[in-house]
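> When you get a sec, could you give me coordinates for this:
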Amino acid sequence: TGNLGVVHVVGDVTHVRQGEDGSVTAIDLADGRRVEGELFVDCTGFRSLLLGDTLGVPFLPKDDILFADNAVAMQVPYDRPDAPIACHTISTAQKGGWIWDIGLPTRRGVGYVYSSRYTSHEEAEATLRAHIGRVGEGVAARRIPIRAGHREVFWKKNVVAVGLSAGFLEPLEASALMLVETAADFLTDRLPETRSALPVLARQFNAAFRHHWDRIIEFLKLHYILSRRTDSAFWIDNRDPGSIPDALLDLMD
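Numbers count the residues shown, from 1 in each chain. Just a heads-up that it's a prediction; the model follows:
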């Protein structure tokens, strides 16, 4: 326990307990301990253990707007010890998506975000390796599935989802970091003093974050619809008005 009364409990959750109204009352840990609480912040990642699994909040897919559903990533060594480190992420468009290249102190993180509707997993890895060149020879590649979308609501009863438990979109911009910080700021500014305030805060939080998610989806889609590429169906189909949110079409008009 620190000066602020914070207790750090490390353990694996085995069971979530709920009250008569469905609110989460406690979580049971594998070692037999029980953690009780009045407000729970769900940071369980893609599993969304509390908001999704326990409270049953549906996931809303957005793959009709954002086509990328996979990434293949590699940890690439520098070709020499004194190689320059890029101070920004380098994004390079490809026929079925785009490649990121992030300079780190001892290596580069490079990956290809793509749509398996337009290119196979094998083609995607071959494209990535061709882009990296000789320095990537012998480096293992890891495939990461992408499920673009978010939960129908982000705060239900006494559970607030923050981070991947709320949703995920392709990492073309660092929007996930912004959403985490914004959620933390919201909770810090408006942490309820009474349980009766939870429904009001939930409505405010859900309205604010539905706005954030909608705007981020539009911003990501904007990168694709401004393209004039005609060499692949991926880029042509991204400009189909049927795949563009109405609000973004209005902005473009």
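> rest of the way, CA atoms for contacts and neighbours
Noted.
> Show me where the stretch 51-200 of the chain has its strands.
59-61, 70-77, 90-94, 97-103, 107-114, 141-145, 149-151, 155-156, 159-161, 167-168 (DSSP state E, counting those that start in this stretch).
> Give me the mean pLDDT for the third one.
Okay, so that is strand 90-94. The predicted model gives strand 90-94 an average pLDDT of 97.
> got the contact list for that strand?
When contacts are defined by C-alpha atoms under 8 Å, 6 or more residues apart in numbering, strand 90-94 is touched by residues 98, 99, 100, 101, 102.
> mind putting those in a markdown table, neighbour count included?
Formatted as a markdown table, the contacts of strand 90-94 follow (neighbours: other C-alpha atoms under 10 Å):
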| residue | neighbour count |
| --- | --- |
| 98 | 18 |
| 99 | 23 |
| 100 | 19 |
| 101 | 20 |
| 102 | 18 |
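> what's the farthest-apart pair in those?
By the measure C-alpha to C-alpha, 98 and 102 form the most distant pair in the contacts of strand 90-94, at 13.2 Å.
> Find residues that contact each of those two.
If you check residue 98 and residue 102 against C-alpha under 8 Å, 6+ apart, no residue is contacted by both.
> Enumerate every residue touching the nearest residue to residue 77 once chain neighbours are set aside.
Beyond its immediate neighbours in the sequence, the residue positioned closest to residue 77 (C-alpha to C-alpha, 6 or more residues apart in numbering) is residue 107, lying 4.6 Å away. Residues counted as contacts of residue 107 (C-alpha under 8 Å, 6+ apart) are 75, 76, 77, 78.
> The third one contacts residue 135, doesn't it?
It stands for residue 77. Yes: counting by C-alpha atoms under 8 Å, residue 135 is a contact partner of residue 77 at 6.8 Å.
> Would you check how far apart the most centrally placed residue in the chain and residue 63 are?
The structure's the chain has its C-alpha centroid closest to residue 168; by C-alpha atoms, centre = their mean the separation is 2.6 Å. With the distance defined as C-alpha to C-alpha, to the nearest Å, residue 168 ends up 11 Å from residue 63.
> can you list residues touching both of the two?
Shared contacts of residue 168 and residue 63, counting by C-alpha under 8 Å, 6+ apart, come down to 147, 148, 149.
> Now, of these, which are buried?
When neighbours are counted using 16 or more other C-alpha atoms under 10 Å, the shared contacts of residue 168 and residue 63 contain these buried positions: 147, 148, 149.
> biggest helix in this structure, by residue count?
Taking residue count as the measure and DSSP state H as the definition, the longest helix of the chain comes out as helix 198-225.
> now that helix against strand 90-94, angle please.
Using axes from the mean of the first three to the mean of the last three C-alpha atoms, to 10 degrees, the inter-axis angle of helix 198-225 relative to strand 90-94 is 60 degrees.
> What is helix 198-225 packed up against?
Counting contacts by 3 or more C-alpha pairs under 8 Å, 6 or more residues apart in numbering; DSSP states H and E, the secondary-structure elements packed against helix 198-225 are strand 155-156, helix 175-190, helix 233-238, helix 246-252.
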